[in-house]
Structure formats: C-alpha cells, structure tokens
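Colleague: Starting from these lines, generate the structure:
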Amino acid sequence: MKYMKLMALVAAAVALAGCKSNNGRNLLPNVSGKAGEVLVVIEREQWVGNLGTSIREVLADDTPYLAQREPLFNVSNVPPGSFNSMFKMHRNLLLVNINPQNATSGVVYKSNQWARPQALVQINAATEEEADELFRGASAIISEYFEQSERDRIIENSKLYEEKKLQEPLLDLTGGILHFPSGYQLKKWTDSFVWVADEKQYTTQAVMAYKFPVRREPFSVANLVAERDSVMQVNVPGMFEGSYMTTSTAVEPTTRSLKYKGREFMELRGFWEVHGDFMGGPFVSHAFYSPDGKDIIVLESFVYAPRYDKRQYLRQVESILYSFEWKKDEK
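Modeller: Residues are numbered from 1 along each chain as shown. Now for the predicted structure:
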C-alpha cells in the first residue's frame, strides 16, 4: 500500500508540475544531457557536506536487481553562480535554494521550466539543515519523479517512431495496447502468449505478455513466480535442447503494489536465467486484473546484455510496460 501511496503522490506532483509549466512550453528548446543524468544545483560546501551526502545516497543509490553495481542516476553538481543558460537546458534538475529570507519552505515540482521535456525539483529552505530534512522527507517522491520523467520521455519517443503493427497481438491477448518503438519485432504469438523483442548482436530487450485464471492470492510472490516459470518453460526455450527460461533463485524476487494513470498493478522484479545454460539478466513485470476480473494479465520486460551496463536497457524496455492503455471502443 505504501508504494501505491507513493505513486499517487508522484502522480499528484507530476500533475502539479504540469500546471506550473511554462505556457509556451511547445516553443521551448529540447533538453540537454544524457538519459539517466540529474544535475544538482547547490553550493560546493553543501554538496560535500551532509546535504550533498543525503542527495547522493538516494539518487546515486544502486539500481536494484542488476548483476553489477550501477547508480539509479548519474548525479553531478554545479554551484548556483555557474548555473547559466546552458545548464538550464538539462533534462533533470534538482535546485537547492537555501536563503534565510525565503518566505516559504518546501519542495516544488515543475516541468518544462526552461526546456522540454524537463523535470525540475526545487527545495526552498532557510538553512542547510532544513533543506536536508526536506529532501529526506520527500526523497522517495523525488527519486520516482525523476524516474517517471525518464520513462515518459522514452514513451513519447516510442510513439514518434512506433511499430504500430505490434499493437494487434497485445490487443488480441489483453484488450489493451503497448507502444513499441522502431526495431522491435514479433517473435511469438499464440492464444495465451505474446513475445516481442529488439534483438541486436550483443543485446536483447524483450516484452512478453500472458494471462492466467484468478486463483487464491494471485499477486503473491510465490504465485507470480510459479505462473511465470510455467509459462516460460513452455514458450521461451534456450539455445540447447531441454533448456528454457526460468526465475533465478539466487536472489529472491520482490513485489510492490503500484498505481499509474488509474491502473493498479503488482510489480515483480528479479533475475531470470536459463535452465541448462549460463544466460541470465534482470526482468520486471506488471500483473493486473483483466477487465472482467476473471484473469490476471502479466506484462513483462527483460534484458540480456552481458557485455554492457544494463540500467538504461532495462529502463527503456520497462517504460514500454508503462505505455499500456486499454483500447477504447470506437464510437
């Protein structure tokens, strides 16, 4: 429940940020900076002090369920005196405004302030200690706000260069659609399973969809993993005879309840591996009720990139899950 409340707060922050956006945002320049970067505008002495430590502990924490250590975000610092027009174009900004004369204290969320699509969080405080307290109190919302902003950019780009022919298999199975960017191709389509992937020489990003009848405790870790393993054994073979995808038991998967754009779902996050082979990587899935309440629909994304860091690959393919929308009947 706490995660659903978190996502509700993030949604509220995003909505409020949109209301505070520049009315001429469509005329704004495109953002700068690399995907996954957050620029923190703060005085140097505060950056190396307790406040900077708090910020790095949250935003540069390890991304969960990756084989190697990778930060949630690549965080860098620029002092306010150097925060010029070039830096104002950055995609993700955390502005720390510490001034004893500040009329009010708090955390403000804005979008498209100086560029588009931009996510900005501003902390207003009278002292460094108060700013640290404000950041820690809102740290989960701030982190998710930047995370969802990254996803939204990916979804927006996916819709610009979309493989629309891939909507049909998902619509047939789930009653809804996903937005796949150019490069994804259909690998398998049956009455109960869909597999779409972008396969390159050294990387694979894939999305799968399946469903199963509602049973007791359908969203428990044990049930979701059991259903997953059953589906993968039948539908996702490995390179060698008798090999197939399964859920790794080296690290136990975890779940959390989320709500995004009115759709409630259970996120399952963990590692996959291939029985009978040495392949593996991270996966994340969203499980939710079908419209008639009789089935559980599962949308899953996974990454295979043994030569590379995986944070951005996973973020890209996970964003496709967040693009899901129920197909409305044409009037």
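Colleague: OK, contacts around the residue nearest to Asn50 when sequence neighbours are not counted?
Modeller: Residue nearest to Asn50 in three dimensions, not counting chain neighbours: Asp132, with 5.7 Å by CB to CB, 6 or more residues apart in numbering. Just so you know, the C-beta spots here come from the backbone N, C-alpha and C atoms, and that holds for glycine as well. Contact analysis of Asp132 by CB atoms under 8 Å, 6 or more residues apart in numbering lists Asn50, Leu51, Ser54.
Colleague: So the last one sits against Glu133, correct?
Modeller: No - with contact taken as CB atoms under 8 Å, Ser54 and Glu133 are classed as non-touching, separated by 9.3 Å.
Colleague: Overlap of the contact sets of those two?
Modeller: Contacts common to Ser54 and Glu133, judged by CB under 8 Å, 6+ apart, are absent.
Colleague: So which of the contacts of Asp132 sit within helices?
Modeller: Using DSSP state H, the subset of the contacts of Asp132 located in helices is Asn50, Leu51, Ser54.
Colleague: can I assume the second one is in contact with Ile42?
Modeller: Yes - Leu51 is in contact with Ile42 according to CB under 8 Å; the separation is 7.1 Å.
Colleague: Now do the shared contacts for these two.
Modeller: Val96.
Colleague: show me where the stretch 101-250 of the chain has strands.
Modeller: Under the criterion DSSP state E, counting those that start in this stretch, the stretch 101-250 of the chain carries strands at the ranges 106-111, 119-125, 176-177, 185-189, 193-199, 204-213, 244-247.
Colleague: Can you name every helix or strand that the fourth one contacts?
Modeller: On a contact count with 3 or more CB pairs under 8 Å, 6 or more residues apart in numbering; DSSP states H and E, strand 185-189 meets helix 167-174, strand 193-199.
Colleague: Repeat that for the first one.
Modeller: Where contact means 3+ CB pairs under 8 Å, 6+ apart, strand 106-111 is packed against helix 2-19, strand 119-125, helix 128-160.
Colleague: and stretch 64-84, how far from the chain's centre?
Modeller: With CA atoms, centre = their mean, to the nearest Å as the basis, stretch 64-84 stands 16 Å off its chain's centre.
Colleague: any idea how far Val121 is from Ile141?
Modeller: The gap separating Ile141 from Val121 is 9 Å, by CB to CB, to the nearest Å.
Colleague: Please say which of the two ends up with more neighbours.
Modeller: Val121 (25 against 18; other CB atoms under 10 Å).
Colleague: Touching, that one and Tyr109? I think so.
Modeller: Yes - with contact defined as CB under 8 Å, Val121 reaches Tyr109; the gap is 5.8 Å.
Colleague: Let me know which of the strands of the stretch 101-250 of the chain is tucked in deepest.
Modeller: A comparison of these by mean neighbour count, using mean count of other CB atoms under 10 Å, puts strand 119-125 on top with a mean of 23.
Colleague: any idea of the angle it forms with strand 106-111?
Modeller: The directions of strand 119-125 and strand 106-111 differ by 160 degrees, with axes from the mean of the first three to the mean of the last three CA atoms, to 10 degrees as the criterion.
Colleague: So for strand 119-125, mean pLDDT?
Modeller: Here strand 119-125 scores 97 as its mean pLDDT.
Colleague: Identify all contacting residues around it.
Modeller: By CB under 8 Å, 6+ apart, strand 119-125 touches 17, 91-99, 102, 104-111, 113, 131, 134-135, 142, 145-146, 149.
Colleague: Kindly recompute the last result at 6 Å.
Modeller: The contact list for strand 119-125, computed with CB atoms under 6 Å, 6 or more residues apart in numbering, reads 92-98, 102, 105-110, 113, 131, 134-135, 142, 146, 149.
Colleague: now swap in stretch 293-307 and tell me
Modeller: Stretch 293-307 is touched from outside by 174, 202-214, 218, 272, 281-288, 290, 310, 313-314, 317-318, 321, with contacts defined as CB under 6 Å, 6+ apart.
Colleague: on that earlier part again, mind checking the helices and strands packed on strand 185-189 for the one nearest to Ser82?
Modeller: Between Ser82 and those, the tightest spacing by CB to CB is seen for strand 193-199, at 39.2 Å.
Colleague: Report all helices and strands that that closest one contacts.
Modeller: helix 167-174, strand 185-189, strand 204-213 (3 or more CB pairs under 6 Å, 6 or more residues apart in numbering; DSSP states H and E).
Colleague: how far out from the middle of the chain is that strand?
Modeller: The chain centroid and the centroid of strand 193-199 are separated by 19 Å, computed with CA atoms, centre = their mean.
Colleague: All set now, cheers.
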